[in-house]
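Asker: here are the coordinates; sequence isn't available:
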Ligand SMILES: O=c1ccn([C@@H]2O[C@H](COP(=O)(O)OP(=O)(O)O[C@H]3O[C@H](CO)[C@@H](O)[C@H](O)[C@H]3O)[C@@H](O)[C@H]2O)c(=O)[nH]1
Ligand SMILES: [Mn+2]
C-alpha cells in the first residue's frame, strides 16, 4: 500500500494562495519501514517531483534547508547491522523473547571505518615517537620553556586520545515507528503506550520571549501521542502572572491549533516556525479545505500573538483599576488575577513575599486531564467554522507550576526547577517517562515522542535504558555559523561515537528520561531485591513516596489524575516548597544534580554511573529545534558556564576519575575528557603567545633541531585533520562545520576556557559555585535584520587575552617582515627557514582566530562571508 502526501506552497499573507503540488510518496507505515529511515519518520525523498512550470525550486528546498543537513546523503557511509526483515523478532532474548525490535542499528561502512581506525592507531604511534624524540633531543635555548612544552605535548596527546578513542565505533539508531504502533497502539484495541510527562522550563517572562515559550507548549500539546498519556507542565521560575495568563491564552488557541495539526498532519507543530515555512506540508484533506483552514488558523494565530503582547498591559490596567477601588493601602501594589483574586506569585510592583526570589509555590491546572473533561462538541469548543469531523478534539493536561522561592535559600536553578516538576508530575500523572525542554526549543517532528518510546520499550536493552537523547538543532544561526553554534562535530560526531559505548551524555534539553533512573534506582540488570523508599532520601510527602512505589511496581502503568481536594492541593504546594529538598538525597543521588554550573553532564554521569545506558536517537526530520546565542559575548558566556561546570565536576565528589562505579572504561575516558578539557587551554594560551619571540633581538628556538621539530609537529597536526576528513564523511557534516569547531576551540582557549579555569581556582579557594546566568535569548526575530545581534560587540574582560594574542601576532608578523627585509643579506639559510616556519604558526593562529577578529570589528564586518 502506498500513501501519497503532498506539499503545498501557499502565499497566503500576500493574499494570493498559489498552490504548487509535489507528489511525495511515502511507504505505508504498515510495511517494514525499519529499512528506511525516511518512511519510519514519516518522510522520504520525493520520488516524483514535477518541477516543470513551477518557478519556485524553493518548494523542494525550503523544508529540507530548514532542517539543515538532512537527507539520505548523510547515510551514504552507514549500513544496517541488524537486517530488519530477519530480525523482526528476537526469540533468543531473555525477557523480550518474541517481541519485535523497535529500532535498527547502523554502523559505519568498513571502507571508512577501517582506514579511520588505522589512522588513529598510526597517529598514536606517531605521537609516541614524537614525544620520545623530543625527550631524547633535550636541546633548547630556554630549557624551562622546553620542559613546559614537553609536558604540554604529552597533555595534548593524552587529551586527544581520550577525545578520539570513544569514537572508534559510532552507532546510529533509527526508531521503527510503525512497529511501535502495531505493537502498542493498534486502533480498536486499548493503547498500551506508556505515559510521558513533558516539562518546559522558563526563568523569566521578559528575558525569555513568551512567544517562544508558548510555541514550545503548543508543539507539545499538538504532538502526535496518545492524548491521555502525554501531560504538559510549564515550570515558571519567575512566578509571573503574565506567564500564567499566557498559558491560559495558549490553551484557548490550542483548541483550534491542535485539531488543525491533527487534521492536516502538518509539521512542525510550533505555529511560529510553521507559518514561517514557504511550502507548508500537508497530508490528508483536500487542498481547498486546507487553504481555507490554513488561512483561518493563520489569522487566529496573529490574534493570539496580539493577545500575548497585550498581556502585560492588561494586567497593569487591571491592577490600576483595583487599586483605585481598593480599600486597603496594600491594594495599591497588588497584582490581580482575572477572577479578582490576588496573584500569589511576583507582582508588577514588587512587595514582601511577592517579588522575584520570594513568593509562594503555585500549581494551577490550566487544562484538565482529558479523562476529567466532558467532551465538547466542535462548535462549542471553538467559534470557527472549520470542519473537524473525525478529528480528536481533546487536549493533553496542561499545568502551570511556579515553585516557592525564599530569600536566603539556594534554589539550584534549572536543576531545582526540574526536581520540583519531577515531584509535582509524580502526584498528578506519574508517567514512567519524563522529558524536558528549554523554553526556546520546540518539537519539530510530531512523531518524536513515539520515537523516544521505541528505544525505551525495545526488547534488547530498553529496560536498562535510562535516557534517550536527541541531537540539538538551531534555527537562528547565520548561514556560515560564524560562532560555531551548530556544533555538529559534537552532536553528529562525538555523540554517535558514545552511542556505540554506554550512550550519549545528557545535553540539557530534548532528552527523555526513565523516571526510575532519575530517582536514583538501579537498572534492572543491577537492581537489588528491595529498594528503600523513605523520607530521608525522597523527602517528607507520603503521597509522593507512594507514587515512587507505584512507579517501581508498574512501570508502564497509567496513573489517572487524582481528585483535587484540599488536602491534595496542600500536598502539591508542599512538594514545590523551597525547603522540600533539605537534608534529602535530592540533587545528589536523586533527580537532577545540584551545585554545578551545568546540571546536564553531571546528571547524565550519575545515571551512567549506576549502570544505565543511554541512546542517541536519529530521525530524518529533526526531532527538536531551538535557538542559540548568536552574539559572541553571549556565546562565550555559555562556553564559560559549560567548561566551568565541567571542571567543577572533575574536581568534585563525582569526578569521572573515580566515581560512577558501573561506567564502562571507554565511557569513563570520555567523561574525563569532557570535564578536564578546559585545562588544555592553558597550554594553548602559552603557545599562542610564542610569536612574541619575534620581538626579541636574537633568535630563540624552543627545540633544536628546529626544522625537524616543526616538520614533526606539522605531521602530527595534519594527521588530526586527515582523521577529521573521515569523521566528516561518516558524521555527514561539512568542512565548514569541522573548521568552525577548530576555530572555536582556539577562540575558547584564549577567552572562555582560561576564565573557567580561573573561576575554578577561585571556587576551590572560596567554595562558591559559578553563577548560572540565564543565556540571553534573542528577542523575537526582526525580519529585516535577522542577525543584527551577531554584529553587536559587548566587551567583557575574558576577551582580553584573545585581543592580546591577536595583536601580538599581527605585531610579530610585522616585525618578522621588517627584520627579514633588514637582515636579508646577513641571515643564513637556516635562519631564513626558521623564520618562515615560525611565520607559518603565526598565520595558523590568525586564521583560527578569524571569527573573533570579525566579532570585534562589529558592524563593519556586516557580511556573513567566511
Ligand atoms: O534558574 C533557572 C535558570 C534556568 N532555567 C531554564 O533553564 C533552561 C536553560 O537555560 P539557558 O540559559 O537557556 O541555557 P543555555 O545556555 O541555552 O542552555 C544549555 O546549557 C545548559 C547547561 O548549562 C542546559 O541546561 C541547557 O539545556 C542547554 O541548552 C531555560 O529553559 C531556562 O528557562 C530555569 O528554569 N531556572
Ligand atoms: Mn538555551
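Answerer: That came through, no problem. Just so it is clear, the model here is predicted, and its values are computed rather than measured. Numbering: from 1, shown residues only. Ligands and ions are numbered 1, 2, ... in the order given.

Asker: State the pLDDT value of residue 531.
Answerer: With respect to pLDDT, residue 531 has a value of 89.

Asker: same thing with residue 654?
Answerer: 94.

Asker: and it, what element?
Answerer: Using DSSP states H and E, residue 654 maps to neither a helix nor a strand.

Asker: Below-threshold pLDDT in the stretch 651-800 of the chain: ranges please.
Answerer: 769-772, 778, 780-784 (pLDDT under 70).

Asker: before we move on, what SS does the residue in the stretch 51-200 of the chain that ligand 2 sits nearest to have?
Answerer: In the stretch 51-200 of the chain, the residue that lies nearest ligand 2 is residue 200 (12.0 Å; CB to the ion). For every residue, glycine as well, the C-beta is placed using N, CA and C. Classification of residue 200 by DSSP: H, G, I helix; E, B strand; the rest coil places it in strand.

Asker: Could you pull up the mean pLDDT of stretch 192-207?
Answerer: Stretch 192-207 comes out at a mean pLDDT of 95.

Asker: Which of the residues in stretch 676-686 are classified as buried?
Answerer: Buried residues in stretch 676-686, counted by 16 or more other CB atoms under 10 Å: 676-681, 683-685.

Asker: Tell me the residues of the stretch 451-600 of the chain that contact ligand 1?
Answerer: 508-509, 598-600 (CB under 6 Å from any ligand atom).

Asker: Now pLDDT and neighbour count too, for these, in TSV please.
Answerer: Shown next, in TSV, are these (pLDDT from 0 to 100; neighbours: other CB atoms under 10 Å):
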residue	pLDDT	neighbour count
508	97	22
509	97	22
598	92	23
599	95	26
600	97	21
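
Asker: Which of the residues you listed fall within helices?
Answerer: Using DSSP state H, the members of these that fall in helices are 599-600.

Asker: Now for the residues of the stretch 451-600 of the chain next to ligand 1: which two are most distant?
Answerer: The largest separation in these, counting by CB to CB, is between 509 and 598 at 12.2 Å.

Asker: Which parts of the protein belong to which domain?
Answerer: 110-168+646-862, 194-326+339-377+384-628 (the TED database).

Asker: Give me the distance from the shortest one to the chain's centre.
Answerer: Just to be clear, that refers to domain 110-168+646-862. 25 Å (CA atoms, centre = their mean, to the nearest Å).

Asker: Could you point out the bridge partners of the residue of the stretch 51-200 of the chain closest to ligand 2 in the sheet?
Answerer: Beta bridges link residue 200 to residue 234, residue 437, judged by DSSP bridges.

Asker: So what's the residue count around it?
Answerer: Around residue 200 sit 25 other residues, with neighbours defined as other CB atoms under 10 Å.

Asker: pretty sure it contacts residue 236?
Answerer: No. Between residue 200 and residue 236 there is no contact under CB atoms under 8 Å: 9.2 Å.

Asker: Among the buried residues of stretch 676-686, which ones are in helices?
Answerer: Short answer: the buried residues of stretch 676-686 in helices (DSSP H) are 676, 680-681, 683-685.

Asker: Reformat those as TSV; add distance to ligand 1.
Answerer: Listed next are those as TSV, based on distance: CB to the nearest ligand atom, whole Å:
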residue	distance to ligand 1
676	17
680	20
681	18
683	25
684	23
685	24
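
Asker: if we take those, which one ends up nearest to residue 211?
Answerer: If you rank those by distance to residue 211 using CB to CB, residue 681 comes first, at 37.5 Å.

Asker: For residue 350, which non-adjacent residue is spatially closest?
Answerer: Once flanking residues are discounted, residue 350 sits nearest to residue 356: 7.2 Å by CB to CB, 6 or more residues apart in numbering.

Asker: was I right about residue 409 contacting residue 580?
Answerer: No. Applying CB under 8 Å, one finds residue 409 not in contact with residue 580, separated by 10.7 Å.

Asker: between the two, which one's more packed in?
Answerer: Shown here are residue 409 and residue 580; by other CB under 10 Å, residue 580 has more neighbours (22 against 16).

Asker: Which residue, neighbours along the chain excluded, lies closest to the more buried one?
Answerer: In space, residue 580 is closest to residue 539, 5.2 Å off (CB to CB, 6+ apart).

Asker: and that neighbour, what are its phi and psi?
Answerer: phi 100, psi 170 (degrees, to the nearest 10).

Asker: That one: what's it in contact with?
Answerer: Going by CB atoms under 8 Å, 6 or more residues apart in numbering, residue 539 touches 423, 575, 580-581, 584, 586.

Asker: again, 7 Å this time
Answerer: Residue 539 sits next to 580-581, 584, 586 when contact means CB atoms under 7 Å, 6 or more residues apart in numbering.

Asker: I'd like to check which residues are in contact with residue 102.
Answerer: Shown in contact with residue 102 (CB under 7 Å, 6+ apart): 175-176, 179-180, 454, 457-458.

Asker: Using just helix, strand and coil, how would you label the residue of the stretch 751-866 of the chain found nearest ligand 2?
Answerer: For the stretch 751-866 of the chain and ligand 2, the shortest gap (CB to the ion) falls at residue 775, measuring 5.0 Å. Three-state call for residue 775 (three-state DSSP): coil.

Asker: Cool, thanks, talk later.
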